[in-house]
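**Student:** Sequence below, structure please.
(one chain, ligands or ions: 1)
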Amino acid sequence: MASILDEVLKHLPESADITDSGFEGANIVLYTRNKDFFINNEGAIKEVVDAIKKRVELRADSSLCMGLEEAEAEIKKIVPEEAGISNIIFDPQRSGVIIEAEKPGIAIGKQGDVLREIRKKTFWVPLVRRVPAIRSKLIENIRQVLYENNDFRKKFLDKVGRRIYDGWIRGKKSEWIRLTFLGGARQVGRSCMLLQTPESRIMIDCGVNVAAQDDDAYPYLDAPELNLPEVDAVIVTHAHLDHSGLIPALIKYGYEGPIYCTDPTRDIMALLALDFIGISHKEAKKSLFTSDDVKNMVKKTICLNYEEVTDITPDVRLTFFNAGHTLGSSMVHLNIGNGMHNLLLTGDMNYEHSNLLSSAVTRFPRLETLVTEGTYGGKEDNPPSRKESEEELKKIITETVKRKGKVLMPVLGVGRSQEIMLILEKMYRAEELPKDIKVYIQGMVWDITAIHTAYPDYFNTKIKKAIFHKDENPFLCKIFKQVGSRKEMEQALESGPCVIMATSGMMTGGASVDYFKALAEDKKNSLVLTSYQGEGSLGKKLQDGEKDINFAEGSKIITIKTQMDIHTLKGFSGHSSRNQLLNFVHNLDPKPKKVIVVHAESSKCLELASTLHKIHKIETVAPKNLETIRIK
Ligand code: ZN
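**Tutor:** Predicted coordinates:
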């Protein structure tokens, strides 16, 4: 059988003078030595795309590309100064040039006319990347790793493409599809699934259960179905550790293929993985992976935008849809066997508009089987609304500030903290907070917020409008102060009334515990818990009314006698409530024929599955770990 590349070339005229062709993942890339064809090919390339229904990109043969220095000067001349170019990096292997700019919209131009001009003048293919509004060392490092490994990336992506188009036959059907649950079934934590068809083996998520010990902390990677070197693709729904924590280790254990996720997920996942190594060090535990493994993960990640359809194996097409849970969090839609069966995995999902993100999507091209999370799917799981919790938070801050106290908010670094920052900024803008209030943002929370400012396209419409049309970035509001060093932490503690946001959300360690020790014995202060508090955590003890808290300090035990106010606000969750889950399924278009419930305690999985069965009269299941369901 002829390869897909031969078929592409067959469609092009001899004069196209194609000198090289290859793959970048599912994309087909051609290099031409004909200047006119490079600039005015549109008809011919479009014809090929229409014929084979795959993305085809045309680049100039390196012999046509302008010299580096001359090209850099030309680009600076073409791109308007307001774009704020900070860096121009050439990728000669791929005839590409990356332009890092503060305002990508201006660097791209109306309908891409600035980019077209660059192509025409220099024969380099430009790609614009945003410089985050808050400097992020991690993003700089990730980009550096990718630039330095251009050669590796080119070969790796070509190999991925060869696998995708290996045995490529248009319209091929799959005779069977099975889904195995390797973790995160009837539990929250260590999410991991394996999808198999006659052609494909695809893993979705591979997380860690941070609260569990030893073997219970990791998915069943020793399941008989799983042979890591044979897996074709790994998909990550979002960056929380219970979905992504073990991804860097997979490569070490023999996985050779690509990792698919969105750009924000890649960056936050890398940051959390590096932090995870740090925590293991501190606790004198051996980490399952090293920073080199994290680097390898970044090198092998293929980032996709929402609603960008991509072949990932000969019989599976992947599309990400907004899940509304954290920045870049995705629902995974898999079109299997050329549309024979369509599967949607929600990952963690919020069917509600938050201050940061839009609500999870409910319309899909096709849908037969739904795998949904059910974190709050139990009968009792209807927390107060976001609005009610916002009002309560306002009241707590106002009263605490009035009595000259400080408000400590232990938060989850990803998602919840940025949501609360936006709420505080909104209150400040509405003059509902004291004019001189300061909100101290501790290390990790600040780093993750910086990553958020690199990807404003993932925010909801309201925040995007504020940033793109009014040049008002809520994360740059002057009330927010970064706390990086010990000294800055002391300054925060010595300052007047303020809000302090620090990890961890359950107060199982991290700066939130240090702040607690300093603030707990003064009754002017308040503690506001917004995250789920696991059994045994300090947050849970305080919620349950424990006042005398012991800490080991060296060989001594110190007792903190808690006097501060303790509050719990439940309306800021990144997960859907039970009603929202039911509404989500109700509003799905088209309706699934089968629903599989995972990612919740056993009783909640069963309650949600049974309710959905009664309402919709469709098959619903709540599988256990290690169970396999044949979905076709
Ligand atoms: Zn999550």
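**Student:** Tell me how far Thr461 lies from Glu307.
**Tutor:** 16 Å (Cβ to Cβ, to the nearest Å). Every C-beta, even on glycine, is put in place using the N, C-alpha and C of the backbone.
**Student:** Out of the two, name the residue with the larger neighbour count.
**Tutor:** Glu307 (12 against 9; other Cβ atoms under 10 Å).
**Student:** Could you pull up phi and psi at that one?
**Tutor:** phi 60, psi 20 (degrees, to the nearest 10).
**Student:** For it, list the residues it contacts.
**Tutor:** Residues near Glu307 by Cβ atoms under 8 Å, 6 or more residues apart in numbering: Thr319, Phe320, Phe321.
**Student:** Also Gly183?
**Tutor:** Gly189, Arg190, Ser191, Cys192, Cys206, Gly207, Asn209, Tyr218, Pro219, Tyr220, Asn625.
**Student:** so which of the contacts of Glu307 are also by the ion?
**Tutor:** Among those, proximity to the ion is found for none (Cβ under 5 Å from the ion).
**Student:** Same list (these) but as TSV, adding neighbour count and pLDDT.
**Tutor:** Listed next are those as TSV, based on neighbours: other Cβ atoms under 10 Å; pLDDT from 0 to 100:
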residue	neighbour count	pLDDT
Thr319	21	98
Phe320	27	98
Phe321	20	98
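**Student:** okay if I get these as TSV plus distance to Lys154 and secondary structure?
**Tutor:** As requested, these are exported to TSV (distance: Cβ to Cβ, whole Å; DSSP: H, G, I helix; E, B strand; the rest coil):
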residue	distance to Lys154	secondary structure
Thr319	25	strand
Phe320	24	strand
Phe321	30	strand
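**Student:** Count the residues that sit near Leu229.
**Tutor:** If you look again at residue 229, you'll see it is Pro, not Leu. Pro229 has 9 neighbours, counted by other Cβ under 10 Å.
**Student:** Likewise for Ala284?
**Tutor:** Neighbour count for Ala284, taken as other Cβ under 10 Å: 6.
**Student:** For the ion, what's the nearest residue on the stretch 251-400 of the chain?
**Tutor:** Per Cβ to the ion, Asp348 is where the stretch 251-400 of the chain lies closest to the ion, at 3.6 Å.
**Student:** wait, which of the contacts of Glu307 is closest to Phe289?
**Tutor:** Each of the contacts of Glu307 was checked against Phe289 using Cβ to Cβ; the closest is Phe320, at 24.9 Å.
**Student:** Identify the residue spatially nearest to that closest one, adjacent ones excluded.
**Tutor:** Spatial nearest neighbour of Phe320, chain neighbours left out: Ser330 (3.8 Å); criterion: Cβ to Cβ, 6 or more residues apart in numbering.
**Student:** what sits opposite the one you found in the beta ladder?
**Tutor:** For Ser330, the beta-bridge partners are Asn322 (DSSP bridges).
**Student:** Three-state assignment for the most centrally placed residue in the chain, please.
**Tutor:** Closest residue to the average C-alpha location of the chain: Thr265 at 2.5 Å, with Cα atoms, centre = their mean. Taking DSSP: H, G, I helix; E, B strand; the rest coil as the rule, one finds Thr265 in the helix state.
**Student:** just checking, it touches Val332?
**Tutor:** No: the criterion here is Cβ atoms under 8 Å, and Thr265 misses it with Val332 at 11.6 Å.
**Student:** Name the residues contacting each of these two.
**Tutor:** Thr237.
**Student:** for the chain, which spans come out with low pLDDT?
**Tutor:** 1-2, 42, 167-174 (pLDDT under 70).
**Student:** about what we covered before: now do the residue of the stretch 251-400 of the chain closest to the ion: how many residues are near it, please.
**Tutor:** Neighbour tally, Asp348, other Cβ under 10 Å: 27.
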